[in-house]
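Enquirer: fold the stuff below for me.
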Amino acid sequence: MTPATKVLDKARITYQLHRYEHDPQAESYGGEAADKLGLDPRQVFKTLLASTEAGELLVAIVPVGGQLDLKLLAKAAGAKKTAMADPAAAQRSTGYLLGGISPLGQKKALRTFIDDSARQWPQLFVSGGRRGLEIELQPEDLARQTRATFAAIGRSD
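Expert: Below is the predicted model of the structure:
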(Lines give C-alpha, C1' and ligand atoms only; values in the text may rest on other atoms or scores of the structure.)
Protein backbone atom coordinates (compact mmCIF):
# COMPACT_ATOMS: atom_id res chain seq x y z
CA MET A 1 0.00 0.00 0.00
CA THR A 2 0.99 3.65 0.25
CA PRO A 3 2.32 5.73 3.16
CA ALA A 4 -1.19 7.25 3.39
CA THR A 5 -2.91 3.91 3.96
CA LYS A 6 -0.19 2.80 6.39
CA VAL A 7 -0.82 5.88 8.54
CA LEU A 8 -4.55 5.16 8.61
CA ASP A 9 -4.03 1.48 9.38
CA LYS A 10 -1.64 2.28 12.23
CA ALA A 11 -4.16 4.77 13.69
CA ARG A 12 -7.00 2.24 13.19
CA ILE A 13 -9.02 4.73 11.18
CA THR A 14 -11.92 3.37 9.16
CA TYR A 15 -11.55 4.16 5.46
CA GLN A 16 -12.30 2.73 2.03
CA LEU A 17 -10.03 2.62 -1.01
CA HIS A 18 -11.38 3.39 -4.46
CA ARG A 19 -9.31 2.57 -7.53
CA TYR A 20 -9.76 3.71 -11.11
CA GLU A 21 -7.72 3.54 -14.28
CA HIS A 22 -5.75 6.79 -14.49
CA ASP A 23 -5.58 8.46 -17.90
CA PRO A 24 -2.22 10.24 -18.35
CA GLN A 25 -3.98 12.71 -20.69
CA ALA A 26 -6.47 13.83 -18.01
CA GLU A 27 -6.50 17.61 -17.53
CA SER A 28 -7.32 17.46 -13.80
CA TYR A 29 -6.33 14.58 -11.53
CA GLY A 30 -9.07 15.37 -8.99
CA GLY A 31 -11.66 15.98 -11.69
CA GLU A 32 -10.75 12.66 -13.25
CA ALA A 33 -11.23 10.90 -9.90
CA ALA A 34 -14.67 12.48 -9.43
CA ASP A 35 -15.72 11.56 -12.98
CA LYS A 36 -14.45 7.99 -12.97
CA LEU A 37 -15.82 7.22 -9.50
CA GLY A 38 -19.16 8.97 -10.17
CA LEU A 39 -18.74 11.42 -7.28
CA ASP A 40 -19.80 14.99 -6.64
CA PRO A 41 -16.70 17.16 -7.32
CA ARG A 42 -17.49 19.10 -4.13
CA GLN A 43 -16.92 15.87 -2.12
CA VAL A 44 -13.55 15.02 -3.73
CA PHE A 45 -10.68 17.06 -2.31
CA LYS A 46 -7.32 17.91 -3.87
CA THR A 47 -4.16 18.38 -1.88
CA LEU A 48 -2.20 21.50 -2.83
CA LEU A 49 0.98 22.96 -1.42
CA ALA A 50 1.55 26.66 -1.00
CA SER A 51 4.38 28.66 0.49
CA THR A 52 4.32 31.74 2.67
CA GLU A 53 6.44 34.84 2.17
CA ALA A 54 8.77 33.35 4.82
CA GLY A 55 9.17 30.16 2.77
CA GLU A 56 7.03 27.92 5.01
CA LEU A 57 5.24 25.18 3.07
CA LEU A 58 1.54 24.73 3.84
CA VAL A 59 -0.87 21.99 2.82
CA ALA A 60 -4.28 23.14 1.56
CA ILE A 61 -7.09 20.64 0.99
CA VAL A 62 -9.92 22.01 -1.16
CA PRO A 63 -12.72 20.54 -3.30
CA VAL A 64 -11.77 19.65 -6.87
CA GLY A 65 -14.94 21.49 -7.95
CA GLY A 66 -13.38 24.79 -6.80
CA GLN A 67 -10.09 26.56 -6.28
CA LEU A 68 -7.74 27.48 -3.48
CA ASP A 69 -7.99 31.13 -2.49
CA LEU A 70 -4.40 32.09 -1.64
CA LYS A 71 -5.46 35.23 0.26
CA LEU A 72 -7.81 33.23 2.48
CA LEU A 73 -5.10 30.62 3.07
CA ALA A 74 -2.65 33.36 4.08
CA LYS A 75 -5.22 34.75 6.52
CA ALA A 76 -5.87 31.29 8.01
CA ALA A 77 -2.13 30.68 8.37
CA GLY A 78 -1.40 34.11 9.84
CA ALA A 79 0.87 34.95 6.90
CA LYS A 80 1.08 38.14 4.86
CA LYS A 81 0.70 36.25 1.59
CA THR A 82 0.96 32.81 0.06
CA ALA A 83 1.75 31.50 -3.41
CA MET A 84 1.59 28.06 -4.95
CA ALA A 85 4.66 26.05 -3.97
CA ASP A 86 7.29 25.02 -6.47
CA PRO A 87 6.23 21.57 -7.78
CA ALA A 88 9.68 20.07 -7.10
CA ALA A 89 9.58 21.37 -3.51
CA ALA A 90 6.09 19.91 -3.07
CA GLN A 91 7.25 16.50 -4.26
CA ARG A 92 10.40 16.57 -2.10
CA SER A 93 8.52 17.61 1.02
CA THR A 94 5.63 15.16 0.68
CA GLY A 95 7.38 12.20 -0.93
CA TYR A 96 4.56 11.95 -3.46
CA LEU A 97 4.38 12.69 -7.20
CA LEU A 98 2.16 15.52 -8.43
CA GLY A 99 -1.33 14.27 -9.11
CA GLY A 100 -0.92 11.70 -6.33
CA ILE A 101 -0.08 13.91 -3.36
CA SER A 102 -2.02 12.66 -0.37
CA PRO A 103 -2.51 14.79 2.72
CA LEU A 104 -1.74 11.63 4.72
CA GLY A 105 1.65 10.00 5.23
CA GLN A 106 3.75 12.89 3.97
CA LYS A 107 7.50 12.79 4.63
CA LYS A 108 7.44 16.09 6.54
CA ALA A 109 4.68 17.25 8.86
CA LEU A 110 3.42 20.57 7.48
CA ARG A 111 0.72 22.88 8.76
CA THR A 112 -2.45 21.73 7.07
CA PHE A 113 -5.73 23.50 6.32
CA ILE A 114 -8.94 21.85 5.12
CA ASP A 115 -11.63 23.94 3.47
CA ASP A 116 -14.53 24.13 5.88
CA SER A 117 -16.93 22.89 3.18
CA ALA A 118 -15.56 19.42 4.01
CA ARG A 119 -17.66 19.41 7.18
CA GLN A 120 -20.89 19.20 5.17
CA TRP A 121 -20.01 15.66 4.03
CA PRO A 122 -20.21 12.54 6.19
CA GLN A 123 -17.35 11.17 4.06
CA LEU A 124 -14.91 12.86 1.72
CA PHE A 125 -12.35 11.61 -0.78
CA VAL A 126 -8.63 12.46 -0.94
CA SER A 127 -5.72 11.06 -2.89
CA GLY A 128 -4.46 7.73 -1.64
CA GLY A 129 -0.89 8.57 -2.57
CA ARG A 130 -0.83 7.59 -6.21
CA ARG A 131 -2.75 8.49 -9.34
CA GLY A 132 -5.84 6.32 -9.65
CA LEU A 133 -6.27 5.73 -5.90
CA GLU A 134 -8.68 7.64 -3.65
CA ILE A 135 -9.29 7.25 0.09
CA GLU A 136 -12.80 7.75 1.47
CA LEU A 137 -12.91 8.80 5.13
CA GLN A 138 -14.63 11.12 7.59
CA PRO A 139 -13.50 14.77 7.53
CA GLU A 140 -12.78 14.71 11.28
CA ASP A 141 -10.53 11.65 10.89
CA LEU A 142 -8.59 13.42 8.13
CA ALA A 143 -8.21 16.53 10.29
CA ARG A 144 -7.07 14.50 13.30
CA GLN A 145 -4.48 12.52 11.32
CA THR A 146 -3.04 15.61 9.61
CA ARG A 147 -3.45 17.91 12.65
CA ALA A 148 -5.35 20.19 10.28
CA THR A 149 -7.40 23.29 10.90
CA PHE A 150 -10.75 23.76 9.15
CA ALA A 151 -10.90 27.20 7.49
CA ALA A 152 -12.64 28.97 4.61
CA ILE A 153 -9.77 28.65 2.09
CA GLY A 154 -11.60 27.64 -1.09
CA ARG A 155 -13.83 29.32 -3.59
CA SER A 156 -16.30 27.85 -6.05
CA ASP A 157 -15.59 27.92 -9.77
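Enquirer: give the contact list for the most centrally placed residue in the chain.
Expert: In the chain, the centroid-proximal residue (Cα atoms, centre = their mean) is Thr47; its distance is 2.4 Å. By Cβ atoms under 8 Å, 6 or more residues apart in numbering, the contact set of Thr47 is 59-61, 101-103, 126-127. Where you see a C-beta, it was placed from the backbone N, CA and C, and this is true even at glycine.
Enquirer: let's see 7 Å
Expert: 59, 61, 101-103, 126-127 (Cβ atoms under 7 Å, 6 or more residues apart in numbering).
Enquirer: so what's Thr5 closest to, chain neighbours aside?
Expert: Distances taken as Cβ to Cβ, 6 or more residues apart in numbering place Gly128 nearest to Thr5, at 6.4 Å, with adjacent residues excluded.
Enquirer: sorry, back to before: got a markdown table for the contacts of Thr47, with pLDDT, distance to Glu136 and secondary structure too?
Expert: As requested, these are exported to a markdown table (pLDDT from 0 to 100; distance: Cβ to Cβ, whole Å; DSSP: H, G, I helix; E, B strand; the rest coil):
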| residue | pLDDT | distance to Glu136 | secondary structure |
| --- | --- | --- | --- |
| Val59 | 98 | 19 | strand |
| Ile61 | 98 | 14 | strand |
| Ile101 | 94 | 17 | coil |
| Ser102 | 96 | 13 | coil |
| Pro103 | 97 | 14 | coil |
| Val126 | 97 | 9 | strand |
| Ser127 | 96 | 12 | strand |
